[in-house]
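Pasting the sequence and the predicted model now:
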Amino acid sequence: MHPHVQLLIKCIDLEEKEQANRYKLDQAHTLKQLKAEGLALHPIIVTRRSFGYADYPEISFKLSFPPETNLFRDGAAIECFITGEEPVKGVLISLDGKNGEFRLFAPDFPDWIEDDGVGIKLAPDTRTTSIMKKVLNELENNKPLFKLFEQLHGNPITAKGLSGVNTTSFRNHDLNNSQQQAVTAIMQNEQITIVHGPPGTGKTTTLVEAIVQLVKAGEKVLVSAPSNTAVDNIAKALIGQGIKLLRVGNTSKVDETIFAHTPEGKLNNSKQLKEIKQLKIRAEEFRKMALKYKRSFGKAEREQRNLLFKEVKNIRTEIKKLQAYNEEKLFEEAQVIAGTPIGLYDAGVDHLHFATLVIDEAGQCIEPLAWCIFPLADKMVLAGDHWQLPPTVLSNEAAKLGFNRSILEAAITTVNTIHLLNVQYRMRQTIAGFSSDYFYNGLLQTAAHLADTGAHLTFIDTAGSGYNEKHGPDGTSLQNEGELNIVRQLIENAALNTTQTAFISPYSGQVTAAKEQLPKEMRISTIDSFQGQEKENIILSLVRSNDDGDIGFLKDYRRMNVAITRAKEQLIVIGDSATIGGDPFYNAFLVYVEQHGTYRTVWEFEL
């Protein structure tokens, strides 16, 4: 077996082990600790119960507190629990602010679902890890694909230069030169092409144009991304271009535009749906009969209840078969099929022929997930930015072995067909300038209409003020009360529109404290949760202030690249130059601010 395949399988095992340890609810891992670490949401308030597409129980809920929940991503494996009862496994469909939805893998809702004290916690995602291991173990059997694997982990992949393409055939006439070149490269791609899209450079616009062109040329295209949100984002844009798209996978929580393009939405008014409805009514009757047997019952009643639930399960299998039969026709008709890697893997589309697979946000996709869907197409396009946040990995040991290295990072060192989108349309020139110099070799230009019109970048230095970092009440994450004090004064004195301003910080402890102190209408978030978003004004609190110059995970400069590229008009960074200035990256940033921005000190504020 190839040594890198072995390494990836070892990493998956380490990650599985870490998940099992981390998510355990026992004497050693109390509920309070799990909540403090952002691994549990408790208590939840159930607002709605229903049965979803494949007749699984689905629960909408709200929280009475604003969660800081980077780890509760859509599609995350969860368990619904209450003290003293067996937890029920499920999957998180969505979590937006204080409202969320999840699906349970059970024939019915647990009896206790609306009792006080119900919560959900993250659970090991053994299904995804077992699929990844299976795919890696079988990789060497697929000769062409294994050759690509060896090339990505060894010899550079060279490709022919681009031949000319008639740009007048582009549907979108507003594409800039670098976007046109990327579209051309995708159309002429023979094996693997990379579209490197720094913040605000119109990556989605470029991919949509390329996919439209591929479809026009008669190709059937697969589109994927590691999160449902990213899949929906590109799916919506393709639907807007009139593409026949089928969105598969975790589609219970999609807006109406996309719902009409899911298997459920497309079958909504068909005669097959009537058949499915009849089966669901039968399942509901058996379910109700089973529920007559309450929790305190004897052996005979238990057996009767189990038989009834078995019948419910059989009907559900029948519903699934019927749906699969009907979906087959939809798969054939679609020009583009879109879903997360596991969503596409589960859709069973491997018998269809796809010419191109496009993975968006490939910088967030761990390598084994990509190999789950690479076999489905002849050619690959990886789009993203490896200078933004890498994939989330829980196991430090696995991360040290490179498990948080995305498929984009793995490919970018050996693939020579890389097309940088080099004009950004999001932020003022000064805001983009430091990122361009430090991460993109000065190649990232700013669109002409975003030339500076005043002061757009400010650093507020707290050195010498005694505004030191402290551990929050939960003891896990850092806070800096002094920096929040400055933020409150900025909001009062600078007349910042709070609905157009976001407060972000690398530390969840600071975010928790900010949610208690800053205006409710303000967006308040960790940097990780804010990736992919933007606001007119951003206030970034760095938190670290100590005598040892210890900056902890501020050392991950990619996180800072995300943080300093979210603001469109005004970026205000608050930090302690004495603590961060010893680090070459932050020293370069401070020098840049002195040359191009506004440098203020804490003494200008009321201490």
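Sure, I can see it.

Help me confirm that Lys133 comes into contact with Lys10.
No: taking Cβ atoms under 8 Å as the definition, Lys133 is not a contact partner of Lys10, at 10.4 Å. Where you see a C-beta, it was placed from the backbone N, CA and C, and this is true even at glycine.

which residues touch Ser227?
Applying Cβ atoms under 8 Å, 6 or more residues apart in numbering, we find Ser227 in contact with 73-75, 340, 361, 364.

Mind putting these into JSON lines with neighbour count?
As requested, the contacts of Ser227 are exported to JSON lines (neighbours: other Cβ atoms under 10 Å):
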{"residue": "Arg73", "neighbour count": "17"}
{"residue": "Asp74", "neighbour count": "21"}
{"residue": "Gly75", "neighbour count": "19"}
{"residue": "Thr340", "neighbour count": "25"}
{"residue": "Glu361", "neighbour count": "28"}
{"residue": "Gln364", "neighbour count": "24"}
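
Out of these, which one has the lowest pLDDT?
Lowest pLDDT within the contacts of Ser227 is found at Asp74 (78).

What sits closest to that one if chain neighbours are left out?
Asn228 (4.4 Å; Cβ to Cβ, 6 or more residues apart in numbering).

Need the pLDDT of the one you found.
At Asn228, pLDDT is 86.

number of nearby residues for it?
23 (other Cβ atoms under 10 Å).

repeat for the one 10 residues further on
Burial measure for Leu238: 24 neighbouring residues, criterion other Cβ under 10 Å.

now, which of the contacts of Ser227 sits nearest Gly549?
Gln364 (30.9 Å; Cβ to Cβ).

ok, the closest one to Ser224 distance?
Per Cβ to Cβ, to the nearest Å, Gln364 is found 12 Å from Ser224.

could I get the contacts of Ser227 as CSV with secondary structure and distance to Val5?
Below are the contacts of Ser227 laid out as CSV (DSSP: H, G, I helix; E, B strand; the rest coil; distance: Cβ to Cβ, whole Å):
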residue, secondary structure, distance to Val5
Arg73, coil, 26
Asp74, coil, 29
Gly75, coil, 25
Thr340, coil, 23
Glu361, coil, 24
Gln364, helix, 22
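
What's the first helix or strand after the helix or strand where Arg48 lies?
Arg48 is part of strand 45-51 when elements are defined by DSSP states H and E. Under the assignment DSSP H and E, the closest C-terminal helix or strand after strand 45-51 is strand 57-62.

Parallel or antiparallel, which strands does that next one pair with?
strand 45-51 (antiparallel), strand 99-104 (antiparallel) (DSSP bridges).

what about the last one, average pLDDT?
Read that as strand 99-104. 91.

Could you report the neighbour count for the nearest residue to Tyr345 once chain neighbours are set aside?
Distance criterion Cβ to Cβ, 6+ apart; nearest residue to Tyr345, sequence neighbours excluded, is Cys372 at 4.9 Å. Neighbours of Cys372 under the rule other Cβ under 10 Å: 21.

again, but for Lys147
12.

In a helix, it, correct?
Yes: using DSSP: H, G, I helix; E, B strand; the rest coil, the assignment for Lys147 is a helix.

So it versus Gly442, what's the distance?
Taken as Cβ to Cβ, the span from Lys147 to Gly442 is 36 Å.

what helix or strand does Val593 sit in?
Applying DSSP H and E as the criterion places Val593 in helix 584-596.

After that helix, which helix or strand is next? Please name it.
Heading C-terminal from helix 584-596 (DSSP H and E), you reach strand 598-601.
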